[in-house]
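*Asks:* Kindly return the folded structure for what I paste below:
(chains A and B)
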Amino acid sequence: MAELAVDKHVKYILAVEKNKDSFESVVMDHLRMNGAYWGLTALDLLGKLDSVNVDEVISWILKCQHESGGFSGNIGHDPHILYTLSAVQVLALFNKLDVLDIDKVATYITGLQNEDGSFSGDMWGEVDTRFSYIAICCLSILCCLGKINVEKAVSYILSCKNLDGGFGCTPGVFCCVGALALTGSLHYVDKDLLGWWLCERQVKSGGLNGRPEKLPDVCYSWWVLSSLIMIDRVHWIDKEKLVKFILDCQDVENGGISDRPDDAVDVYHTYFGVAGLSLLNYPGLKAIDPAYALPVDVVNRIFFSG
Amino acid sequence: MHGRPRKAPKPEDEAASSAKAQKLRALQTQFFSFHHNKIYTKEAVELSAKLLEINPESYTAWNYRKLAVEHYLNLPDCNPDSIKSVLDDELRVVENALRQNFKSYGAWHHRKWVLSKGHSSIDNELRLLDKFQKADSRNFHAWNYRRFVAESMKRSEQDELKYTEDMIYANFSNYSAWHNRSVLLSALFDKKAEGFLLKEKVLPEEYEFIHQAIFTDPDDQSGWFYHLWLLDQTVTTDSPLLASSWPGHGSDVLLVGDRCYNGSAFSPFSALHSDSGSFPIVLYFNQPVRGVNSSTVTVECGFNKNEDLLWKPLSASNSQTARVWVAHLKVSSSDLHSTVEVSVGHTKGIISTRGFEYSHPSMLSFKVHVQPMERDSSQVSVAESISLREENFKVYGKQSEESIIDSFDQLIIKNGHETTASNWRFEALAKEIECFRELLSLVDCKIGKLTLARLLKAYDAMSYPFANKLVHSEEVLELYSDLMKLDRTHYQFYKDERSIVLLQKYKDSVSSAICGPICLRLNNLSLSRMGAFEKLLWVQMLDLSHNELQSIEGLEAMQLLSCLSLRNNKLRSLTALEPLRKLKLLRILDISYNQIGDHSIDTTRYVCSSPLSHSVGSELNRDETVTSDVALINNWEAFYIFKDFNLNQLDIVGNTIADEKFKSVLVKIMPKLKQLDGKLLD
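*Replies:* Next comes the predicted model:
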């Protein structure tokens, strides 16, 4: 069985961070904050977070904060809840949440909650359960979840029927399960029904797809796997086969992980591959928390120290 | 980011890419300048369109365009024609962007936003959707958008149902279409729409429909979940029912004041040691409910009506919803014999999570006998370690087998009202069973076996407790064994299902499992999961050793447990012990020889009450001396799980976590513990 090419992946991630001139990089310019989260969390899981310059990262992050308290995907772009979470997550990695005016960030997020408990992504009003998860996760990391109406947020998520036998898209399922996990609401989930739907994502090659009759993709090693772990049904898949699939998706020459074997790599799939392997107890990797999507020691530090 | 082949980068490619990058960057810089300076000239807006054509994911550009639209709509000289032209432009830009990337969230949302401005060309929208869905019939963005448009247009569910039918006939392998169908039918059933009033008329047709898909290609999963949904619609009764209780209706409970379980004139069947003169009343519903309280459930004991009985839901965290509810009834020591009457649901208020009311009031009646204390409880030797050895189990086994087995039935509430009304359900299931048997005779397939197992289980569940046995148990067990070989990837799933079936049928099996009126031995059964709790509420001593349990989910229902052995199982973390926190009578626990401490990933982290899930109850009373001694960051699981336990005796040897340091932490968290790993504590 192939092994995880740790050094190659570390080199790949660091190179992506520096290379701002390729077309791929410019096209993803607007979501650099997400990219930072994927790259840096992967580095931390690989034990190499100290390879980057903390101060540079933090100074750039703070330049992305707007008056409203929200963060944009990169300097010059508009704020959005997606990038606000990534910014907070990266600061948590470095144990630098204290650089934030927490009230300011909290105000931005509470301002995005609607009457029915749902969350908009930004002032333009797109509503999605992804944003519910993001709001709950972000405020939990900042230890001020109580600032939103949690009850309404939960009832909105339950009304979306993503878990009631009506499974639309898997990232959506992850967001619902994650939000319910963080609010102590997993007892509303029919874990057997959801667990079966999720475990049937594993196809013959060992990889996971997002929906029936679709191709497997490494990113589902996060969306599906973390959901299975949160509801304690991960033993319903063949973990070894999935490990093998993820390892087959590596570019062992140049570093990085792709969606499927022999496809082009990118930092998004590199993160999800490494995170997936962590959830599968792959040796040598830090443990990652399936709901906060941050290393377990980072989460424990937030909740249990001092 | 998806589906691009891996290519070694060639210098020409890099140069070309670099050139494209520079062009795009220049475009972007110019765009930012317009955006930050709020410039909305025609030329500026055109630039943003160019940017979005190359990169539809550049979300700030969509925001900018919305600002530009609002700017134009607010101009003094705007008129319906100019508005239409502005909005038409937006729709054109979105279409171009979607052609680039029809999964672009930004593009779809922009379209919705434009439509909200009142540019109603909804027919156009359906035509656009048709185009996209022909190109990719499973694009979930398109299906989502379709639902949005249908709602805006107030298109009927019936019309949309027809659309899903057309899509399915075009290609059976369309999971999105089947999924949409279940959403629409749910809505029609809920509304009690014309033609959809009676499930028994609609479901048979749907079964015919889904058969075509499954029988055409049994390996194609698209229809499996729809079939499961149909089965759920056939079997599930809307309103919640009481499945079982402890004490059972018509039973006798003997409350014993000390540890001396003397044989007595009374049947020792439900002899319960009680320090406090109180005992639990457990109500087990067939689905989670809320609203169980002293108004909706009344308890009369002798001449006292207990008006302030506190009913607690047995679920993690602060939830007020649970399948199992418990209250503690105190019996005065002067009343040696009393009759207790429990009325459930005579007042409205018990409601399921789906919003259906408990509508079949039931009544339980049982007798309570108090055996007065024979000796001073302070003289009871605390050094006795009660172990789950054979002798202890045999002590209580004087009852005749039949009367014990009959007593199990006492726990199960017979919900008589269901038999007459549900003939169509039996017919539907019988027909499905026949169909799938036929499928399996033609092809040995996974979905055939799994569905047949589910159908047989559902049939048995509906017939019980009127039928004496679970008729199909053996067949179901064999189907799961087959599946464990046929589909090795999902081996553990079938094993878990099989464990539950095994537990459901234990009543029919050799009675050596039942070692007396309060003890149950379920070891060496390869159980990977617990279940059938509605039948196990009476158990006080439970031996689950030498199984393969990695979860004890649901065990919180067994409120009478005082001794539990989970020795030699596969428990992987302390958080897996969460269900035991609710067992207030638990005194002796053996979790030795498990795998606690072996694994870095905790799969029960979010089903236990902790600050991580904001689910620590308000009764948390952090003992400051404990937390200052115990380094919480390293031991939080032990703290949150064990702080509420009231154990006398614990065995934990054989787990990686159980080194001397950890054991000393445990002793700090549980000061009342008298014995740890066989060693007496002072």
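*Asks:* can you list the residues that contact stretch B:424-434?
*Replies:* Contacts with stretch B:424-434, where a contact means Cβ atoms under 8 Å, 6 or more residues apart in numbering or on different chains, come from B:200, B:203-204, B:207, B:231, B:234-235, B:451-452, B:455-456, B:458-459, B:462-463. C-betas here are computed from N, CA, C, even on glycine.
*Asks:* and those, which two are the farthest apart?
*Replies:* Distances among the contacts of stretch B:424-434 were taken as Cβ to Cβ; the most separated pair is B:Glu200 and B:Leu452, at 22.0 Å.
*Asks:* okay, those two: which has more neighbours?
*Replies:* Neighbours of B:Glu200 and B:Leu452, each counted by other Cβ atoms under 10 Å in any protein chain shown, are more numerous for B:Leu452; the result is 21 against 14.
*Asks:* Give the other helices and strands that the one helix or strand that one maps to contacts.
*Replies:* Under the criterion of DSSP states H and E, B:Leu452 resides in helix B:446-463. Applying 3 or more Cβ pairs under 8 Å, 6 or more residues apart in numbering or on different chains; DSSP states H and E, we find helix B:446-463 packed against helix B:224-235, helix B:423-442, helix B:473-486.
*Asks:* need the next SSE after the last one, C-terminal direction.
*Replies:* Where DSSP H and E defines the elements, the next helix or strand beyond helix B:473-486 is helix B:491-504.
*Asks:* what's the answer for the shortest one, then?
*Replies:* Tracing the chain past helix B:224-235, the next element assigned as helix or strand by DSSP H and E is strand B:242-246.
*Asks:* And that following strand, what does it pack against?
*Replies:* Using 3+ Cβ pairs under 8 Å, 6+ apart: strand B:242-246 touches strand B:278-290, helix B:401-411.
*Asks:* the inter-axis angle of the first one versus strand B:242-246?
*Replies:* It stands for strand B:278-290. Going by axes from the mean of the first three to the mean of the last three Cα atoms, to 10 degrees, strand B:278-290 is angled at 170 degrees with respect to strand B:242-246.
*Asks:* What residues of strand B:278-290 count as buried?
*Replies:* For strand B:278-290, burial by neighbour count (16 or more other Cβ atoms under 10 Å in any protein chain shown) applies to B:Phe279, B:Pro280, B:Ile281, B:Val282, B:Leu283, B:Tyr284, B:Phe285, B:Asn286, B:Gln287, B:Pro288, B:Val289, B:Arg290.
*Asks:* hmm, back to that, out of the helices and strands packed on strand B:242-246, name the one with the poorest average pLDDT.
*Replies:* Here the lowest mean pLDDT among the helices and strands packed on strand B:242-246 goes to helix B:401-411, at a mean of 47.
*Asks:* Quick one: residues contacting B:Ala177.
*Replies:* Taking Cβ under 8 Å, 6+ apart, one finds B:Ser137, B:Thr164, B:Met167, B:Ile168 in contact with B:Ala177.
*Asks:* Compare those and tell me which is most surrounded.
*Replies:* Neighbour max across these (other Cβ under 10 Å) = B:Ile168, 23 neighbours.
*Asks:* what number of residues lie near the residue in the stretch 151-300 of chain A positioned nearest to chain B?
*Replies:* At 2.7 Å from chain B, A:Gly184 is the closest residue in the stretch 151-300 of chain A, using Cβ to the nearest Cβ. Neighbourhood size, A:Gly184 [other Cβ under 10 Å]: 26.
*Asks:* what's the closest non-adjacent residue to the closest residue to chain A within the stretch 151-300 of chain B?
*Replies:* In the stretch 151-300 of chain B, the residue that lies nearest chain A is B:Gln221 (3.7 Å; Cβ to the nearest Cβ). On the basis of Cβ to Cβ, 6 or more residues apart in numbering or on different chains, the spatially nearest residue to B:Gln221 that is not a chain neighbour turns out to be A:Pro212, at 3.7 Å.
*Asks:* Grab the nearest non-local neighbour of B:Glu534.
*Replies:* B:Glu534 sits nearest to B:Ser244 (Cβ to Cβ, 6+ apart), 3.9 Å away.
*Asks:* does the one you found have beta-bridge partners, and which?
*Replies:* B:Tyr284, B:Ile412 (DSSP bridges).
*Asks:* looking only at pLDDT, what's the mean for stretch A:246-259?
*Replies:* Stretch A:246-259 comes out at a mean pLDDT of 96.
*Asks:* what's near enough to touch residue 291?
*Replies:* Since you didn't name a chain, this refers to chain A. A:Cys137, A:Gly178, A:Ala181, A:Leu182, A:Ser226, A:Met230, B:Arg605, B:Tyr606, B:Leu612, B:Ser613.
*Asks:* not what I meant, chain B
*Replies:* B:Gly349, B:Ile350, B:Ile351.
*Asks:* are any of those buried, and which?
*Replies:* If we count by 16+ other Cβ under 10 Å, the contacts of B:Gly291 have these buried: B:Ile350, B:Ile351.
*Asks:* Filter the contacts of B:Gly291 down to the ones in helices?
*Replies:* In helices, defined here by DSSP state H, there are no members of those.
*Asks:* Buried residues, stretch B:331-347. List them.
*Replies:* B:Val331, B:Ser338, B:Val340, B:Val342, B:Ser343, B:Val344, B:Gly345.
*Asks:* gap between the residue lying closest to the fifth one once chain neighbours are set aside and B:Trp311?
*Replies:* Think B:Ser343. Excluding the flanking residues, the one nearest B:Ser343 by Cβ to Cβ, 6+ apart is B:Thr298, at 4.7 Å. B:Thr298 sits 11 Å away from B:Trp311, taking Cβ to Cβ, to the nearest Å as the criterion.
*Asks:* thinking B:Val297 is in contact with B:Leu329, fair?
*Replies:* No - B:Val297 lies out of contact with B:Leu329 (Cβ atoms under 8 Å); the separation is 11.5 Å.
*Asks:* in chain B, what residue is nearest chain A?
*Replies:* For chain B, Cβ to the nearest Cβ, closest residue to chain A: B:Ser615, 2.7 Å.
*Asks:* Neighbours of that residue, how many?
*Replies:* 24.
*Asks:* What backbone torsions are found at it?
*Replies:* Dihedral pair for B:Ser615: phi -130, psi 20, per degrees, to the nearest 10.
*Asks:* Give me the three-state assignment for the closest residue to it other than its chain neighbours.
*Replies:* Of all residues not flanking B:Ser615 in the chain, A:Gly184 sits nearest, at 2.7 Å (Cβ to Cβ, 6+ apart). Following DSSP: H, G, I helix; E, B strand; the rest coil, A:Gly184 is assigned to coil.
*Asks:* can you give me the strands in chain A?
*Replies:* Assigned by DSSP state E, chain A shows strands spanning A:257-258, A:265-266.
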